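1. Structure of the sequence below:
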Amino acid sequence: MRIATCLVLVILPIIAACGSNPAAPAPSSGTDSLTSVIPLTGTAARGPYGDVSFFGGDLLVGDNDGYQPNQLLRGLVTFNIKAVPRASTITSAMLQMDQCLVRGSPFATLGQVVVDHVPVETTPDTSVFDTTATAPGIAVLSSDTSTGLKLAAVTTSIAADRSAGDTLTSFRLRFSSADGNDNGTSDNVVFRPDSTVNYACQPFVSGHAPLLIVSFQ
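-> Residues are numbered from 1 along each chain as shown. From the prediction side, this is the model:
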């Protein structure tokens with residue numbers, strides 16, 4: 001019987017075999033691929049009269065002039081970084097996004113898609129478009145019309161957030177020179193979101209949702 005077996009063992013085996021199973025310690029090194037927080041990931045749109053709205057799903061960057069004159073678009077992506085040990089040294093953090101669609105000629109007139117490290121807003125509202133970045137333009141995410149996975153190094157920002165004890169981190173995507181050109185044609189790029197809210201780029205491609213790939217030791 002199991003009880004009899006436990007009784008003839010020395011104290012330490014009894015603890016291991018019959019006692020509670022303690023939680024495993026956090027790894028001292030490794031690499032985590034963190035997925036985005038869906039309600040805090042999407043597009044901030046500012047209209048011609050300054051009105052701002054936020055909607056989840058596809059991340060659009062550029063302008064939407066073909067739909068509404070001088071409507072400007074910026075993407076927002078948020079990750080939960082709690083899985084990264086706070087006391088660790090972060091050696092690399094890469095933001096991975098899938099540029100799945102390009103409309104018009106955004107790179108010719110608006111510049112490159114750059115990444116701002118921004119304060120986390122747990123309820124994105126009208127301030128998400130213009131909020132002052134913690135660190136503006138920390139990396140170039142995309143500089144051409146080729147579709148597929150794009151990478152941007154965000155190591156310093158993730159290290160700062162985790163060292164401060166933050167469990168969420170947010171990045172805003174925008175064009176470097178101008179948000180739009182008001183030329184009557186939509187000039188924007190679309191980055192693929194989580195599969196459940198993917199509209200512009202079908203079908204969903206496995207592994208192409210937003211990822212934050214963090215290596216630490």
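2. Please count neighbours and contacts with C-alpha atoms only from this point.
-> Will do.
3. now stretch 81-98, how far from the centre of its chain.
-> The chain centroid and the centroid of stretch 81-98 are separated by 11 Å, computed with CA atoms, centre = their mean, to the nearest Å.
4. wait, stretch 123-143
-> Worked out by CA atoms, centre = their mean, stretch 123-143 lies 12 Å from the chain centre.
5. Over to stretch 88-102?
-> 8 Å.
6. For the most centrally placed residue in the chain, name its beta-bridge partners.
-> By CA atoms, centre = their mean, the chain has its centre lying nearest to residue 77, at 3.8 Å. Beta-bridge pairing for residue 77 (DSSP bridges): residue 171.
7. can I assume it is in contact with residue 171?
-> Yes: Residue 77 lies in contact with residue 171 (CA atoms under 8 Å); the separation is 5.4 Å.
8. where does the protein dip in pLDDT?
-> Scanning the chain with the threshold set as pLDDT under 70 gives 1-28, 196.
9. all strands for it, in order.
-> Secondary structure of the chain (DSSP state E): strands at 30-35, 42-46, 52-56, 59-63, 72-80, 90-103, 113-118, 135-142, 148-153, 168-175, 188-191, 211-216.
10. among these, which is the most enclosed?
-> Using mean count of other CA atoms under 10 Å, the stretch among the strands of the chain with the largest mean neighbour count is strand 59-63, at a mean of 29.
11. mind listing what that strand pairs with, with the direction of each?
-> Strand 59-63 has the following sheet partners, assigned by DSSP bridges: strand 72-80 (antiparallel), strand 188-191 (antiparallel).
12. Tell me which of those lies nearest to residue 122.
-> strand 72-80 (9.5 Å; CA to CA).
13. What lies in contact with the closest one?
-> With CA atoms under 8 Å, 6 or more residues apart in numbering as the contact definition, strand 72-80 has outside contacts at 34-38, 40-47, 59-64, 120, 129, 167-174, 179-180, 210, 212.
14. So what angle separates the directions of that strand and strand 52-56?
-> Taking axes from the mean of the first three to the mean of the last three CA atoms, to 10 degrees, one finds strand 72-80 and strand 52-56 inclined to each other by 50 degrees.
15. Just the C-alphas of strand 72-80, formatted as PDB.
-> Output in PDB follows, covering the C-alpha atoms of strand 72-80 (Å, rounded to 0.1, in the frame of the first residue of the first chain):
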ATOM      1  CA  LEU A  72      -4.700  59.600 -39.400                       C
ATOM      2  CA  LEU A  73      -3.900  56.100 -38.000                       C
ATOM      3  CA  ARG A  74      -1.400  54.800 -35.500                       C
ATOM      4  CA  GLY A  75      -1.100  51.300 -34.100                       C
ATOM      5  CA  LEU A  76      -0.900  50.300 -30.500                       C
ATOM      6  CA  VAL A  77       0.400  46.900 -29.200                       C
ATOM      7  CA  THR A  78       0.600  45.900 -25.600                       C
ATOM      8  CA  PHE A  79       2.200  42.900 -23.900                       C
ATOM      9  CA  ASN A  80       2.200  41.300 -20.500                       C
END
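16. what's the angle between it and strand 113-118?
-> Using the same axes, to 10 degrees: strand 72-80 against strand 113-118 is 60 degrees.
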